[in-house]
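> build me a structure from this.
(chains A, B, C and D)
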There are 2 protein chains.
Amino acid sequence: MVQQPDLGILERSELYHGASIAALTEAHASSFRKRLAVDEVLLRQGDAAGTIYIVVVGRLRVTQTTNEGQQVIMRYLGPGELAGYAVLSGADVHPGTATAVDDTHLLGWTAAAFREVMARHPVIAMNALNVLGVRYRDMQIRLRELSTEKVERRLAHTMLRLAAQAGRRTAHGIEIAFPLSRQDLAEMAGTTLHTVSRTLSGWEEQGIVDSGRRRVIVRNQQKLSEIADGAHA
Amino acid sequence: MVQQPDLGILERSELYHGASIAALTEAHASSFRKRLAVDEVLLRQGDAAGTIYIVVVGRLRVTQTTNEGQQVIMRYLGPGELAGYAVLSGADVHPGTATAVDDTHLLGWTAAAFREVMARHPVIAMNALNVLGVRYRDMQIRLRELSTEKVERRLAHTMLRLAAQAGRRTAHGIEIAFPLSRQDLAEMAGTTLHTVSRTLSGWEEQGIVDSGRRRVIVRNQQKLSEIADGAHA
DNA sequence: CGGACTTTTGAAGTAATTCAAGGGGAGTGG
DNA sequence: CCACTCCCCTTGAATTACTTCAAAAGTCCG
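Predicted structure coming up:
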């Protein structure tokens, strides 16, 4: 009875999409639930990679921290997305830290349980390849942007991606549906919070965005796209 | 008779490592050979992703080009490595261009032939997951470097990776075993050839490297590591 | 030996960081 | 309910690392 909604979530997840009812049921049977409050950590960079999760409700921020303590945000994970990909690809430790930015519900599997399900249902392995492929390509794009574009453009790309991934239509525009500080944007776009602040102030004047304390709304996606495409060059 | 060496190459490749003789034989039977001279293109960014290759001998440079024509080098591929990962992960076009930087021999498969082999031998799918996982992590590291480190450090990291991946011990140090221009290094480290040239000149004075026209030798790996670790901060 | 490509180096310019200070909002505790 | 405190955000000014522009010198190959 409680299972039905979970199966639906699994069916719509990037990892189990297209799997048979049998596979979904089996996957669900070997899963466990996990709940995180805001700022709780799901898995920590450097820890042994023993579990894999699917986000059911909520959102996680995945970061990597340098020896010097600087953080980079690798991505945000929303409903249906996979956390703990290290288990998929046989890495022994988690390369990043996943922290809840909202109240978050997950379904989890131990590495052994997951491998068992994947071995029995090849479609899951194919989905796993797709997940990694998509993320890898995403990374290539970001690397390319970071190598070739100036800050304003990179920030525009960053915000467009966030709007596409976690945007909520409102009367005033597309609102990023979770708390997002200047510092967060800086850690995604490869710059400082100061430069982000200045850039957003400029955009605000032009009516492109509307923002406040840990809150961002895209008012004019068109103009933002033009900036991302280098119209400002 | 000619097959035996090929099977050995396959066995040692990142994609077929650990596969059974039956699987290797089957894979070999459905493969075709391809040979490229220097500067010939194996696959082009944006082209339909219909084939996948393993490098047997030689080396490829994988690049992505922006709308404005700027290039970024995503990676180099040496013997045993896979070219055309798009086929693995179900992308419909190649995200980058692969060009030979040396005379290069490859074994190739059509997408259909490869999927057939992979479906029959799950170990290959697991290897594929590992390949993508390793590349993804590599990309995360580079993104982190690009976001948080200054040019000299990034360049040091770049050269250390090249030395590890394609280094040849010589009397004078570790030589990067393929032609590598200042421009190439710039496109890997996210800077300009001018800055690379100046940096290498500095390193040359300190006896850390020895370089010339499209040629780089690491003389003092220790010192280069220190620079990469931020000792120069 | 000519010509194309690669590298070097100087000088000027600039985007972005760093340093510094202050202001504003949200939540908490008295 | 008000005041206090903690974050987060903003903005100015100084600094700097790097790019861009420019020219010349090597180096390799045919």
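> what about the single longest helix found in chain A, near DNA strand C?
The single longest helix within chain A, with elements called by DSSP state H, is helix A:122-148. No: counting by CB under 7 Å from any atom of the strand, DNA strand C has no neighbours in helix A:122-148; the shortest distance is 10.7 Å. Using the backbone N, CA and C atoms, a C-beta is placed for each residue, glycine as well.
> helix or strand right after that helix?
Downstream of helix A:122-148, the first helix or strand assigned by DSSP states H and E is helix A:151-166.
> where's the spatially most central residue of chain A, which helix or strand?
By CA atoms, centre = their mean, chain A has its centre lying nearest to residue A:76, at 2.2 Å. Here residue A:76 is covered by strand A:71-77, with elements defined by DSSP H and E.
> for that strand, give the mean pLDDT please.
Averaged over strand A:71-77, pLDDT sits at 98.
> against which helices or strands is it packed?
Of the remaining helices and strands, those touching strand A:71-77 by 3 or more CB pairs under 8 Å, 6 or more residues apart in numbering or on different chains; DSSP states H and E are strand A:60-65, helix A:151-166, helix A:182-189, helix B:122-148.
> so what touches that strand?
By CB atoms under 8 Å, 6 or more residues apart in numbering or on different chains, the surrounding residues in contact with strand A:71-77 are A:55, A:59-66, A:83, A:96, A:98, A:101, A:135, A:138, A:162, A:165-166, A:178, A:184, A:187-188, A:190, B:140, B:143-144, B:147-148.
> what residues of that strand count as buried?
Across strand A:71-77, burial judged by 16 or more other CB atoms under 10 Å in any protein chain shown covers A:71, A:72, A:73, A:74, A:75, A:76, A:77.
> quick check: end-to-end length of stretch A:12-20?
In stretch A:12-20, first residue to last residue: 12 Å (CA to CA, to the nearest Å).
> up against chain B, what does chain A have?
Contacts of chain A with chain B, taken as CB under 8 Å from any CB of the partner chain, map to A:64, A:66-68, A:70, A:72, A:74, A:85-86, A:88-91, A:95-96, A:119, A:122, A:125-126, A:128-130, A:132-137, A:139-140, A:142-144, A:146-148, A:187, A:190, A:229-230.
> switch the cut-off to 7 Å
Taking CB under 7 Å from any CB of the partner chain as the criterion, chain A approaches chain B at residues A:64, A:66, A:68, A:70, A:72, A:74, A:85, A:88-91, A:95, A:119, A:122, A:125, A:128-130, A:132-133, A:135-137, A:139-140, A:142-144, A:146-148, A:190, A:230.
> related to what we said a few turns ago, chain B: which of the buried residues of strand A:71-77 is nearest?
Of all the buried residues of strand A:71-77, chain B sits closest to residue A:72, with 4.8 Å by CB to the nearest CB.
> which of the helices or strands spans residue A:27?
Assigned by DSSP H and E, residue A:27 falls within helix A:21-29.
> tell me which helix or strand comes right after that helix.
strand A:32-36.
> just checking the distance from that next one to the centre of its chain.
Distance, stretch centre to chain centre, for strand A:32-36: 18 Å (CA atoms, centre = their mean, to the nearest Å).
> show residues contacting the helix or strand following that strand.
Sequence-wise, the next helix or strand downstream of strand A:32-36 (DSSP H and E) is strand A:41-43. Contacts with strand A:41-43, where a contact means CB atoms under 7 Å, 6 or more residues apart in numbering or on different chains, come from A:36, A:53, A:60, A:83, A:84, A:94, A:97, A:98, A:99, A:100.
> any idea which of these is closest to residue A:224?
residue A:60 (25.0 Å; CB to CB).
> what angle sits between the lowest-mean-pLDDT helix or strand in chain A and strand A:32-36?
The weakest-scoring helix or strand in chain A, judged by mean pLDDT, DSSP states H and E, is helix A:3-12 (a mean of 82). In terms of direction (axes from the mean of the first three to the mean of the last three CA atoms, to 10 degrees), helix A:3-12 departs from strand A:32-36 by 80 degrees.
> so which elements touch helix A:3-12?
Other helices and strands packing on helix A:3-12, by 3 or more CB pairs under 7 Å, 6 or more residues apart in numbering or on different chains; DSSP states H and E, are helix A:21-29.
> could you redo the last one with a cut-off of 8 Å?
Helix A:3-12 packs on helix A:21-29, strand A:51-57, strand A:104-110, going by 3+ CB pairs under 8 Å, 6+ apart.
> redo those as TSV? Include distance to residue B:109, mean pLDDT and mean neighbour count.
As requested, the helices and strands packed on helix A:3-12 are exported to TSV (distance: least, CB to CB, whole Å; pLDDT from 0 to 100; neighbours: other CB atoms under 10 Å in any protein chain shown):
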stretch	distance to residue B:109	mean pLDDT	mean neighbour count
helix A:21-29	28	96	16
strand A:51-57	30	98	22
strand A:104-110	32	97	21
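> dump those into CSV; add distance to residue A:209 as well.
Output for those, formatted as CSV (distance: least, CB to CB, whole Å):
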stretch, distance to residue A:209
helix A:21-29, 40
strand A:51-57, 27
strand A:104-110, 26
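> got TSV for the ones you listed, with distance to DNA strand C too?
Shown next, in TSV, are the helices and strands packed on helix A:3-12 (distance: least, CB to the nearest atom of the strand, whole Å):
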stretch	distance to DNA strand C
helix A:21-29	36
strand A:51-57	20
strand A:104-110	18
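> can you list the weak-confidence ranges in chain A?
Low-confidence segments of chain A (pLDDT under 70): A:1-4, A:232-233.
> how is chain A partitioned into domains?
Following automatic domain parsing, one gets these domains for chain A: A:3-145, A:149-228.
> nearest to residue B:45, of the ones you listed?
domain A:3-145 (10.7 Å).
> now do the closest one: distance to the chain's middle.
Chain-centre distance of domain A:3-145: 10 Å, with CA atoms, centre = their mean.
> does that domain come close to DNA strand D?
No: Domain A:3-145 stays out of contact with DNA strand D when judged by CB under 7 Å from any atom of the strand, the minimum separation being 9.8 Å.
> what strands line up against the strand holding residue A:76, and which way round?
Within its sheet, and counting by DSSP bridges, strand A:71-77 is paired with strand A:60-65 (antiparallel).
> what lies in contact with the strand it pairs with?
Applying CB under 8 Å, 6+ apart, the contact partners of strand A:60-65 are A:42, A:45, A:71-77, A:83, A:95-101, A:104, A:184, A:187, B:140, B:144.
> apply 7 Å and report the result again.
By CB under 7 Å, 6+ apart, the surrounding residues in contact with strand A:60-65 are A:42, A:45, A:71-77, A:83, A:95-101, A:104, B:140, B:144.
> between which two of the buried residues of strand A:71-77 is the distance greatest?
Across the buried residues of strand A:71-77, the two members that end up farthest from each other (CB to CB) are A:71 and A:77, 16.3 Å apart.
> residues of stretch A:44-53 that come out buried?
Applying 16+ other CB under 10 Å to stretch A:44-53 flags A:49, A:50, A:51, A:52, A:53 as buried.
> sorry, wrong one. I was asking about stretch A:160-177.
Buried, per 16+ other CB under 10 Å, within stretch A:160-177: A:160, A:161, A:162, A:163, A:166, A:167, A:173, A:174, A:175, A:176, A:177.
> also stretch A:134-151?
Using 16+ other CB under 10 Å as the burial criterion, the residues of stretch A:134-151 that qualify are A:135-137, A:139-140, A:142-149, A:151.
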